[in-house]
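K.L.:
3D model of this:
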Amino acid sequence: MKLDSFHTTHGRALPFALGLHIARPDLKTIVFSGDGDIVSIGGNHLIHTARRNVDMTVICVNNFIYAMTGGQVAPTTPLTAKAATTPYGNWEHPFNLPLLAASSGAVYVARWTALHIRRLTTAIKEAISKRGFSFVEVIAPCSTLYARINKLGTGLDLMKFYHDNSVIKHGADLKEIDIDFQSKIVVGKFVDIEKPTYIDCLNEGNKRVFGDKYKPYGVSDGDN
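P.N.:
Residues are numbered from 1 along each chain as shown. Predicted structure coming up:
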């Protein structure tokens, strides 16, 4: 792979990515992040980046817990599941990430598990090729904390669980794909639509204001 990468402040991956995209719209911007980062401290950034339909791809690795900082409860931890900060079970409703992304304005939304390698690869390719804000949720095992705290076995046991309990349902009603503790997981491609991107709208608005004098943003004049 030929790429440049930035390791950003926790929760602020999307503002960094937006700045990079605005500076270099000719490059494809991709964000890899966890569920705690993207939808907790970074949740406000997620909804507004999707709302603007910024041309970038977000790949969110969801393991249902804050796995790098001690196993605290996360905004994706299923009801009744245990974490370091909820030893008697979580009683807060978790986010439904595909619904959150789609309702905020994403033009491409999919969910697969780490077991579905080929299907996940296809989804990532489609997301990267899509103009606008694309979001791919990857359900991934956390054997050291989530599985241990909830007595779910090893990472291999979690992968077997994905094999036995994943239900492929393309175009599913997003209001019906919540993930409950140790229940069926609906996976598939849920949203694939067309809509003007953030820079498309920026160019259209400025053209209306400045007319033919305005040079479309993101179009090189050969001097770069």
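
K.L.:
do I have it right that Ala106 meets Phe135?
P.N.:
Yes. Under the contact definition of CB atoms under 8 Å, Ala106 touches Phe135, with a separation of 4.7 Å. All C-beta atoms are positioned from the backbone trio N, CA, C, and that covers glycine.

K.L.:
and Gln72, what does it touch?
P.N.:
If a contact means CB atoms under 8 Å, 6 or more residues apart in numbering, then Gln72 has 65-66, 83-85 as its contacts.

K.L.:
mind listing the strands for this structure?
P.N.:
Secondary structure of the chain, counting by DSSP state E: strands at 29-34, 56-62, 108-113, 133-139, 166-168, 185-192.

K.L.:
Lys207: which of the ones you listed is closest?
P.N.:
Taking CB to CB, strand 133-139 is the member of the strands of the chain nearest to Lys207, at 22.3 Å.

K.L.:
parallel or antiparallel, list what pairs with that closest one.
P.N.:
strand 56-62 (parallel), strand 108-113 (parallel) (DSSP bridges).

K.L.:
export the contacts of Gln72 as TSV, with columns for neighbour count and distance to Asp178.
P.N.:
Putting these into TSV (neighbours: other CB atoms under 10 Å; distance: CB to CB, whole Å) gives the following:
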residue	neighbour count	distance to Asp178
Ile65	30	17
Tyr66	25	20
Ala83	21	18
Ala84	14	23
Thr85	14	22
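
K.L.:
so the least confident helix or strand in the chain by mean pLDDT versus strand 133-139, what angle?
P.N.:
Between all helices and strands in the chain, the lowest mean by mean pLDDT, DSSP states H and E belongs to helix 198-210, at a mean of 89. What separates the directions of helix 198-210 and strand 133-139 is an angle of 160 degrees, with axes from the mean of the first three to the mean of the last three CA atoms, to 10 degrees.

K.L.:
thank you, goodbye.
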